[in-house]
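Asks: Sequence and predicted structure are below.
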Amino acid sequence: MSTTTSLHGMWSSRLAFILAATGSAVGLGNVWRFPYTAGEYGGGAFVLVYLLCVAAIGIPIMMAEIMLGRRGRQSPINTMRALARQEGACSAWQFLGWMGIVAGFLILSFYSVIAGWTMAYVVRAGAGQFQGIDGEAAGAIFNALIADPERLLAWHTIFMVLCVLVVARGVASGLEKAVRFLMPALFVLLIVMVIYAAQTGDFAGGMAYLFKPDFAKLGAHAGEAVLSAMGQAFFSLSLGMGAIMIYGSYLNSQASIGQNTVIIAVMDTMVALLAGLAIFPIVLANGLEPGSGPGLIFQTLPIAFGQMPGGAFFGVLFFVLLVFAAWTSAISLLEPMVAWLVENLGFSRVRAATLAGVAVWLLGIACLLSLNVWSGFTLFGKGILDLFDYVTANVLLPLGGVLIAVFAGWVMQRRSSEAELGLGANAVLYRGWRLLIRYIAPAGVILVFLNAIGLL
Ligand code: TRP
């Protein structure tokens, strides 16, 4: 069972893997979800907990996920089954792969709708609709969009078609080329936005909002805030559902898993922090509400584009790059199910990608209708889209993460993980990872869960 390549193809180089995995990690989670979630929980304290979760839980689990993927070289379900057998454990571990498919399905269904908002904003920016608008006008543009199911459906459909096209072609061919220049471009443009925010917005206020932890602000909802910070770490790093696992399965056996993981996690975190630094100065300078929810970036950035010289150009560029960032993330959500369909049902990639895409598309319709026609229907006070967003990030992904940690740290034999991670000469690093994956990461997630449901 020591296959060295995957039947679905391989990354052409280590750089290709880093770009693809960073492409998966960097997406709407950084630019859309991080600012609005941080805003909902009052900023600084949330950000600090988030950073702690990335370092102590996210990084060791990402290493474990890549390691399992590379060792199994199949879709997450079959990888887990094969590795469990190899390690003499129960084949029920494949359940982890199934849970990941469900999570990926739910995430992509709403992710595609939000990506649709982003595409709609490319058009609005280009048409000069943001010229000179204030907070109220920005809010009106946003509300008009989400109140229009047909428009939302059109964009959601276009985005899903784009995803299916790339996944059908195979991950390595289309994706690698796209990510190579889009990622750096997004990064540069975010820096431009931060500079702009520094010149015209309340930059000192934004810095303080993000980096001065005020634990009192977490207040009565501290447990939930900590849970959401952890959930955001899982979501942003693409962990806990098999996306990074399957990307690991296309990685060659020599590449250093630890080094790659650190690079991916650092880039992902930098993009999130830059997005926060671009957005909160504008929020504060315009007297907007940081906790206004998923519409936050769509109600703040247009104000900036409407005021800056060349705003229509920068606005189009920014939303186009965000669409690409979302695209390179979304395909990683689709890939595990597609690989499974190819492996187990013998489908061609085209057929598998189409089938998975149509299924996600249908569920996405429920998400977009929850914004308007079905807005009266809520569960735990949330509509379908918000509910999928909340439950996947805060429950399913961390749960998947714990199972990955337990498998990698307790079920897998020490010599298996030692050999696969190849930290060999660096006994200290390996021991550090093992400590984190066996104790800190699982205990951390479980304590956060217990605390959030009030049992602690
Ligand atoms: N990490 C991506 C983002 O921040 C979203 C994403 C892609 C994802 N693949 C994932 C989230 C797998 C969870 C699991 O936008």
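Replies: Everything's here; your move.

Asks: report the longest helix in the chain, please.
Replies: helix 311-345 (DSSP state H).

Asks: Contacts made by the next helix or strand after that helix with the rest, please.
Replies: Where DSSP states H and E defines the elements, the next helix or strand beyond helix 311-345 is helix 349-369. Among residues not part of helix 349-369, those counted as contacts by CB atoms under 8 Å, 6 or more residues apart in numbering are 8, 105-106, 108-110, 112-113, 116, 149, 152-153, 156-157, 160-161, 163-164, 167-170, 334, 337-339, 341-342, 345, 347, 374, 384-385, 388. The C-beta positions use only the backbone N, C-alpha and C, and glycine is treated the same way.

Asks: Kindly calculate the angle that helix 349-369 makes with helix 311-345.
Replies: Using axes from the mean of the first three to the mean of the last three CA atoms, to 10 degrees, the inter-axis angle of helix 349-369 relative to helix 311-345 is 130 degrees.

Asks: ok, is helix 349-369 in contact with the ligand or not?
Replies: No - with CB under 6 Å from any ligand atom as the measure, helix 349-369 is seen stopping short of the ligand, the closest distance being 12.8 Å.

Asks: Buried residues in that helix, which are they?
Replies: By neighbour count on 16 or more other CB atoms under 10 Å, the buried set for helix 349-369 is 349, 352-357, 360-361, 363-369.

Asks: Kindly report the same for stretch 392-412.
Replies: By neighbour count on 16+ other CB under 10 Å, the buried set for stretch 392-412 is 392-394, 396-409, 411-412.

Asks: residue ranges for the helices of the stretch 51-200 of the chain, please.
Replies: Using DSSP state H, counting those that start in this stretch, the helices of the stretch 51-200 of the chain run over 59-72, 76-86, 95-126, 135-146, 149-169, 171-200.

Asks: Compare those helices and give me the one nearest P281.
Replies: Smallest distance to P281 across the helices of the stretch 51-200 of the chain (CB to CB): 4.0 Å, for helix 171-200.

Asks: who does that closest one touch, helix- and strand-wise?
Replies: Contacting helix 171-200 under the criterion 3 or more CB pairs under 8 Å, 6 or more residues apart in numbering; DSSP states H and E are the following elements: helix 14-25, helix 149-169, helix 257-285, helix 296-307, helix 311-345.

Asks: ok, the spatially most central residue of the chain to L447 distance?
Replies: Compute the mean C-alpha point of the chain, and by CA atoms, centre = their mean the closest residue is S236, 3.6 Å away. S236 sits 21 Å away from L447, going by CB to CB, to the nearest Å.

Asks: again, but for V122
Replies: Using CB to CB, we find V122 at a distance of 42 Å from L447.

Asks: Let me know whether A275 touches L190 as I believe.
Replies: Yes - the pair A275 and L190 passes the contact test of CB atoms under 8 Å, sitting 6.4 Å apart.

Asks: on that earlier part again, so of the buried residues of stretch 392-412, which ones are in strands?
Replies: Assigned to strands by DSSP state E, none of the buried residues of stretch 392-412 qualify.

Asks: hmm, back to that, if any of the contacts of helix 349-369 are buried, give me the PyMOL selection for them.
Replies: Those of those that count as buried under 16+ other CB under 10 Å are selected in PyMOL with:
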select buried, resi 8+105+106+108+109+110+112+113+116+149+152+153+156+160+163+164+167+168+334+337+338+339+341+342+347+374+384+385+388
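
Asks: Of the contacts of helix 349-369, which are in range of the ligand?
Replies: The subset of the contacts of helix 349-369 within reach of the ligand, by CB under 6 Å from any ligand atom, is empty.

Asks: List the residues that contact the residue in the stretch 1-150 of the chain positioned nearest to the ligand.
Replies: Ranking the residues of the stretch 1-150 of the chain by distance to the ligand (CB to the nearest ligand atom) places G29 first, at 2.0 Å. Listed by CB under 8 Å, 6+ apart, the contact set of G29 reads 232, 235-236, 272, 329.
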